[in-house]
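Chemist: structure of the sequence below:
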Amino acid sequence: MKFDAAVLRSHESRFAVEEVLLHSGPADGEILVKIAGCGMCGTDLAVRRSAGRSPLPAVLGHEGAGVVADTGGPHTGLSNGDHVVLSFDSCGHCRSCMGAAPAYCDSFGSLNLFGGRKKNAARFTDAAGGGLAPRWFGQSSFAAYAVVPARNAVRVDPSLPIELLGPLGCGFLTGAGAVFNSFGAGPGDTIAVFGAGAVGLAAVMAATASGAVTVAVDRHPERLALAERFGAAPLHAASPDLPGRIRQLTDGGAHYALDTTASASLINDALRALRPTGHLGLVARLRTALPLEPGALDRGRRISHICEGDAVPGLLIPRLSALWQAGLFPFDELIRTYPLTDINEAERDCEAGRVVKPVMIP
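Modeler: Next up is the predicted model:
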């Protein structure tokens, strides 16, 4: 079959929407999904800085959602017409996967970031027959269709706006999962969220839904206004004595802090804002050494990296969609939709901070 997809051919080039070919349908354990919408995530854009670690040319996109158009057999557990949200790829049989921690799959890097599943890779080409990197995050969903392992797909209520649900599979899942799973936050807890982008604002919404007291830190007044609307006390990142201000707002220090910025200075501020035994979670990839200031990591405070919100997508995505239906997780207020043909405009708006979560509509 032939369909349109946004192809990135080099680290410096713009996305080009062009015709691609799928030479065979879904194999055993796979499904073919007609994409209704796909979120743009910072991980997609980070490919430009990967310097050969992510093979190109490729079709990116890993926050897809759509309707099952074909299956590789009845054992997939899905049927034609099912509405699904797509999440990250995992092998399903390593110790982490078997232990309900698929984000820490032994093959996470090779499956999601560095080329995807190699089996049947040659069936996906450009119009001239040139190879495209096999399935980014098991999806490559900046496209009209995607072939996906069935274990990546989560069936959702068909009454939900499927074109908006894709970011529940990664960005929103990461922020909310950090609060619900990594921190286990509840009423009476206090959380400081550093960075009010898609991941940070999802964490704010989840914290509010859990009954926690939340402080949001950012440099952009419009992002802080959103955080305040979702229940957080806003605090500018340039505030004098930022850790002291947070300790004041959280009655002695935050139980938990989430950093989405990868800023060394803000990470140190986050540690100093914690109460004794507090937990700082990092979700952004650090690109330089992280110097810790004397005294920042003491009194039982700890720091860890959180991948994909420590989530089992099949459990968390239905929880988030149910919270949205109850008016407690208004993620749709962060989304702006773009036709797939405007993907380069969406990237510019995302990089400039003019939009929190772009969603491409094929």
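
Chemist: quick one, helices of the stretch 1-150 of the chain?
Modeler: Taking DSSP state H, counting those that start in this stretch as the test, the helices found in the stretch 1-150 of the chain are 42-45, 95-98, 108.

Chemist: quick check: the gap between Arg9 and Pro339.
Modeler: Relative to Pro339, Arg9 is positioned 20 Å away (criterion: CB to CB, to the nearest Å). Just so you know, the C-beta spots here come from the backbone N, C-alpha and C atoms, and that holds for glycine as well.

Chemist: among the two, which residue is more densely surrounded?
Modeler: Ranked by neighbour count (other CB atoms under 10 Å), Arg9 and Pro339 place Arg9 first, with 16 against 12.

Chemist: that one: what's it in contact with?
Modeler: Taking CB atoms under 8 Å, 6 or more residues apart in numbering as the contact definition, Arg9 lies against Ala16, Leu56, Pro57.

Chemist: hmm, which of those residues is lowest in pLDDT?
Modeler: When it comes to pLDDT, Leu56 is the least confident member of the contacts of Arg9, at 89.

Chemist: who's in contact with that residue?
Modeler: Listed by CB under 8 Å, 6+ apart, the contact set of Leu56 reads Leu8, Arg9, Ser10, His11, Val47, Ala133.

Chemist: tally of neighbours for the fifth one?
Modeler: Taking other CB under 10 Å as the criterion, the count of residues near Val47 is 19.

Chemist: endpoints of stretch 41-49, how far apart?
Modeler: The straight-line separation of the ends of stretch 41-49 (CA to CA, to the nearest Å) is 14 Å.

Chemist: give the rounded mean pLDDT of it.
Modeler: The average of the pLDDT scores along stretch 41-49 is 87.

Chemist: list the buried residues of that stretch.
Modeler: Neighbour-count burial for stretch 41-49, counted by 16 or more other CB atoms under 10 Å, picks out Cys41, Gly42, Thr43, Asp44, Val47, Arg48.

Chemist: and which of those residues is nearest Ser87?
Modeler: Cys41 (11.8 Å; CB to CB).

Chemist: got the phi/psi numbers for that closest one?
Modeler: Comment: the main-chain dihedrals of Cys41 come out as phi -120, psi 160, following degrees, to the nearest 10.

Chemist: double-check it against Gly169; I have them as touching.
Modeler: No: between Cys41 and Gly169 there is no contact, the gap being 9.5 Å when judged by CB atoms under 8 Å.

Chemist: list residues touching both of the two?
Modeler: Between them, Cys41 and Gly169 share the neighbouring residues His62, Glu63, with contact defined by CB under 8 Å, 6+ apart.

Chemist: returning to what we had before: what is the nearest of the contacts of Leu56 to Ala270?
Modeler: Taking CB to CB as the measure, Ala270 sits nearest to Val47 out of these, at 27.6 Å.

Chemist: measure that closest one to Asp349 for me?
Modeler: Taking CB to CB as the measure, Val47 and Asp349 are separated by 18 Å.

Chemist: swap in Thr337?
Modeler: 12 Å.

Chemist: between these two, what contacts are shared?
Modeler: Pro358.

Chemist: so for stretch 276-285, mean pLDDT?
Modeler: For stretch 276-285, the mean pLDDT works out to 95.

Chemist: if we can go back for a sec, what's the closest of the helices of the stretch 1-150 of the chain to Pro291?
Modeler: Minimum separation from Pro291 across these (CB to CB) falls at helix 42-45, 23.5 Å.

Chemist: show me what the closest one is packed against.
Modeler: If you count contacts as 3 or more CB pairs under 8 Å, 6 or more residues apart in numbering; DSSP states H and E, helix 42-45 packs onto helix 343-352.

Chemist: buried ones in the helix it packs on, by neighbour count?
Modeler: Of all the residues in helix 343-352, those buried under the rule 16+ other CB under 10 Å are Ile343, Ala346, Glu347, Asp349, Cys350.

Chemist: where's the residue nearest to the fourth one when sequence neighbours are not counted relative to Ala198, distance?
Modeler: Across the structure, with CB to CB, 6 or more residues apart in numbering as the measure, the residue nearest Asp349 apart from its sequence neighbours is Val355 (4.5 Å). Taken as CB to CB, the spacing of Val355 relative to Ala198 amounts to 10 Å.

Chemist: which one's more surrounded, these two?
Modeler: Applying other CB under 10 Å to Val355 and Ala198 shows that Ala198 carries more neighbours, namely 28 against 20.

Chemist: quick one: contacts for the more buried one?
Modeler: Contacts here follow CB under 8 Å, 6+ apart; on that basis Ala198 touches Cys41, Pro167, Gly171, Phe172, Gly175, Leu334, Val356, Lys357.

Chemist: okay, and which of these map to strands?
Modeler: For the contacts of Ala198, membership in strands holds for Lys357, with DSSP state E as the criterion.

Chemist: out of the contacts of Ala198, which two sit at the greatest distance?
Modeler: Using CB to CB, the two most remote members of those are Cys41 and Leu334, lying 12.6 Å apart.

Chemist: mind checking how far Ala27 is from Gly129?
Modeler: Counting by CB to CB, the gap from Ala27 to Gly129 is 20 Å.

Chemist: so which of these two has more stuff around it?
Modeler: Applying other CB under 10 Å to Ala27 and Gly129 shows that Ala27 carries more neighbours, namely 14 against 9.
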